[in-house]
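Undergrad: The sequence isn't on hand, but the structure is:
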């Protein structure tokens, strides 16, 4: 038993210095190596250039490096057995090692050792620039045949710090843990040569910017399966960053009020902050001190409207809502108003009477252009608001029997809305001033929004103004509220057909007297 073990140990020792069948290997100049092809070698072919010398003894071959170059060695045995080897012979290993040490002097964390007929380079490199230099030198033809590269790359603290600083400089916050990744903060974790960046951002530009930063790091890769061996050494960077595209619900309400009402109310609805913000906001609107003609109420839309109603600030209100996802580029439109029809009488060129209906648009169209979450609590909103009003022609323009003119104005407010609170937008005074037909004009009294500003006996239009209330909140798609189709205060509609009256009827309805007493209108202004 002891003899068997001794024989096995000697065999293992001999095989450790042997080359197995079919290998490619390097050989230093003047160095020797035994080759065991697994059969009795009877003859060989080493080429004619004298790169290697070959001796066959006991059925194995001993190869000696004679000069620099590459040789192909074919060993042959009985029965047609053969094995082919590719052997690269290098120059003096000690001289090459000294030269390589000088070339790699700037690379820290590695050592170069002579191992029989090759050089072994091993160690851990932490700096990306040093790693690139190491790989560039070892890839040169003079070193490739006789150098074995066992180095690995590990990120050092300074490299990670520079990476963190670059991300922070781009406007991102770095959180200590994944649990702290709120309001756009990111958590960066490095483990087992893998960098994982986790968190939530609120704008597509943020995702793109982060991808650009990662792509610019030549020492990182983003593919789990590298495209080539040259990429396999790089640490893997995984982006687990999501874009917040929550479903948002935006209420839009128009409120008509008298400017003097802003100085007379005093009731508080539930909480004191509502009183303070509405009161001060209206005062600033009236005196032109509100920044961008807006102010924010620290309450939702329902509480704000209730407070206005309790204090008799709100003469009328109408509205609707839009629903969309954050960062959705598709526009969303809300129509507050409607269409009414008028019957026009005329005549053909031959004098034949004609009669036709004409649609007159009125009210507001609110178009959401941009509505993006800027953090977990605020939404940046850009709106295009167009206002269309039917206005009767003035007498000097041809008389009321000629019908209506259409006036249109556009507003483009840009606001930041805290979720769940209400932003009040003023500056719609122009609508009031241009929607003031003569007293008693009948059809316009039936038009929502427009009829707020119709002059009535004993009521002055001088102090009437208009503001728009906007409130955005996040909702879940499965909430019943998300399935609603109408708000309690929504009044947008088209007028019924009873608004379809002739020009003559409109003119007649303006007269103070009728029948026998109609002659008195001749003396009325």
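TA: All right, it came through fine. In this text the structure is predicted, and so the values were computed from the model without any measurement.
Undergrad: Grab the nearest non-local neighbour of residue 361.
TA: residue 388 (4.9 Å; Cβ to Cβ, 6 or more residues apart in numbering). For every residue, glycine as well, the C-beta is placed using N, CA and C.
Undergrad: and the next element down the chain from the one helix or strand that neighbour maps to?
TA: Assigned by DSSP states H and E, residue 388 belongs to strand 378-392. Downstream of strand 378-392, the first helix or strand assigned by DSSP H and E is strand 404-411.
Undergrad: looking just at contacts, which helices and strands does that following strand meet?
TA: Applying 3 or more Cβ pairs under 8 Å, 6 or more residues apart in numbering; DSSP states H and E, one finds that strand 404-411 contacts strand 353-373, strand 378-392, helix 429-434.
Undergrad: still on that earlier bit, and the residue nearest to residue 361, how close does it get to residue 411?
TA: 12 Å (Cβ to Cβ, to the nearest Å).
Undergrad: Looking only at neighbour counts, state which of these two leads.
TA: residue 411 (18 against 15; other Cβ atoms under 10 Å).
Undergrad: Which parts of the stretch 1-150 of the chain are strands?
TA: Using DSSP state E, counting those that start in this stretch, the strands of the stretch 1-150 of the chain run over 18-19, 24-28, 32-35, 43-45, 52-57, 60-65, 69-76, 82-90, 110-115, 118-125, 147-153.
Undergrad: Go through the third one and flag the buried ones.
TA: So the one you mean is strand 32-35. Going by neighbour count (16 or more other Cβ atoms under 10 Å), the buried part of strand 32-35 is 32, 33, 35.
Undergrad: Give me the distance between the last one and residue 87.
TA: Residue 35 sits 9 Å away from residue 87, taking Cβ to Cβ as the criterion.
Undergrad: joint contacts of the two?
TA: Common neighbours of residue 35 and residue 87 (criterion: Cβ atoms under 8 Å, 6 or more residues apart in numbering): 63, 73.
Undergrad: Nearest to residue 183 among the buried residues of strand 32-35?
TA: Set against residue 183, the nearest of the buried residues of strand 32-35 by Cβ to Cβ is residue 33 (65.2 Å).
Undergrad: what's around the residue nearest to the closest one when sequence neighbours are not counted, how many residues?
TA: Using Cβ to Cβ, 6+ apart and skipping the chain neighbours, the partner closest in space to residue 33 is residue 63 (5.3 Å). Using other Cβ under 10 Å, residue 63 has 26 other residues around it.
Undergrad: List the contacts of the nearest residue in space to residue 40 that is not next to it in sequence.
TA: Here the nearest residue to residue 40 in space, its sequence neighbours aside, is residue 59; by Cβ to Cβ, 6+ apart that works out to 3.8 Å. The contact partners of residue 59, by Cβ under 8 Å, 6+ apart, come to 39, 40, 41.
Undergrad: Repeat the analysis, applying 10 Å as the threshold.
TA: Shown in contact with residue 59 (Cβ atoms under 10 Å, 6 or more residues apart in numbering): 36, 37, 39, 40, 41, 42, 77.
Undergrad: got it, and residue 49?
TA: With Cβ under 10 Å, 6+ apart, residue 49 has these contacts: 66, 67, 69, 70, 71.
Undergrad: Make CSV out of those residues and add pLDDT, neighbour count and distance to residue 258.
TA: Supplementary listing: the contacts of residue 49 in CSV, determined by pLDDT from 0 to 100; neighbours: other Cβ atoms under 10 Å; distance: Cβ to Cβ, whole Å:
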residue, pLDDT, neighbour count, distance to residue 258
66, 86, 17, 109
67, 85, 13, 107
69, 81, 17, 102
70, 84, 15, 99
71, 88, 22, 104
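Undergrad: Go through those residues and name the one nearest residue 95.
TA: residue 67 (14.9 Å).
Undergrad: I'd like the distance between the residue nearest to residue 40 and residue 87.
TA: For residue 59, the distance to residue 87 (Cβ to Cβ) stands at 20 Å.
Undergrad: What of residue 46?
TA: Noted for residue 46: a distance of 9 Å to residue 87, by Cβ to Cβ.
Undergrad: swap in residue 117?
TA: In terms of Cβ to Cβ, residue 117 sits 10 Å off from residue 87.
Undergrad: who's more crowded, the two?
TA: residue 87 (24 against 20).
Undergrad: residues in contact with the closest residue to the more buried one other than its chain neighbours?
TA: Nearest-residue entry for residue 87: residue 71, 5.0 Å, with adjacent residues in sequence omitted and distances by Cβ to Cβ, 6+ apart. Going by Cβ under 10 Å, 6+ apart, residue 71 touches 27, 46-47, 49-54, 63, 65, 85-89.
Undergrad: 8 Å - rerun?
TA: 46, 47, 49, 51, 52, 86, 87, 89.
Undergrad: repeat for residue 189
TA: If you count contacts by Cβ under 8 Å, 6+ apart, then residue 189 has 178, 195, 196, 198 around it.
Undergrad: Those in strands, which ones?
TA: The strands, defined by DSSP state E, take in 195, 196, 198 from the contacts of residue 189.
Undergrad: So what's the residue count around the nearest residue to the first one once chain neighbours are set aside?
TA: Pointing back at residue 195 there. Spatial nearest neighbour of residue 195, chain neighbours left out: residue 237 (4.6 Å); criterion: Cβ to Cβ, 6+ apart. Neighbours of residue 237 under the rule other Cβ under 10 Å: 20.
Undergrad: Fine by me, thanks again.
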